[in-house]
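**Student:** heads up, no residue letters with this:
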């Protein structure tokens, strides 16, 4: 019975090592997932901070040239996005409510979403 007892004990040892390694791998992967999640949230925070800063300085005359160049580039992109969105609305025979940004029929007198009187 010594051989079978030894084989059983060695099998238990191997399984314990495998269990420990599996537990380590799972723990590491959970940590990696947490890190990735935190990095993603941090990037959103950076973007939000950038938007706040942009809004604060976009009309300022007292910013350095690098910041002014970035602000101007963002403003140009915002204008182009607005123009392209307007083109899309025209193609769809729609317009955007100036109050709530809802898509409404171009011939509407009032916004069907918020009730704002339209021009």
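**Tutor:** Alright, I've got the coordinates. Values in this document were obtained by computation on a predicted structure and should not be read as measured data.
**Student:** skipping adjacent residues, who's closest to residue 93 in space?
**Tutor:** In space, and not counting its chain neighbours, residue 93 is closest to residue 106: 5.2 Å by C-beta to C-beta, 6 or more residues apart in numbering. Where C-beta positions appear, they are placed from N, C-alpha and C, glycine not excepted.
**Student:** pretty sure the one you found sits against residue 91.
**Tutor:** No: counting by C-beta atoms under 8 Å, residue 91 is not a contact partner of residue 106; they are 10.9 Å apart.
**Student:** comparing these two, which residue is more hemmed in?
**Tutor:** Taking neighbours as other C-beta atoms under 10 Å, residue 106 and residue 91 compare with residue 106 leading, 11 against 8.
**Student:** residues contacting the more buried one?
**Tutor:** 89-90, 93-95 (C-beta atoms under 8 Å, 6 or more residues apart in numbering).
**Student:** who wins on neighbours among the residues you listed?
**Tutor:** Neighbour-wise, these (other C-beta under 10 Å) top out at residue 95, 19 neighbours.
**Student:** and that one, what helix or strand is that in?
**Tutor:** Using DSSP states H and E, residue 95 sits in strand 94-96.
**Student:** again, but for residue 13
**Tutor:** Going by DSSP H and E, residue 13 is in helix 2-57.
**Student:** tilt between the very next helix or strand once past that helix and helix 2-57?
**Tutor:** Scanning forward in sequence from helix 2-57 by DSSP H and E, the next helix or strand is helix 65-91. Counting by axes from the mean of the first three to the mean of the last three C-alpha atoms, to 10 degrees, helix 65-91 lies at 90 degrees to helix 2-57.
**Student:** go through helix 65-91 and flag the buried ones.
**Tutor:** residue 71 (16 or more other C-beta atoms under 10 Å).
**Student:** what mean pLDDT would you report for it?
**Tutor:** Mean pLDDT, helix 65-91: 93.
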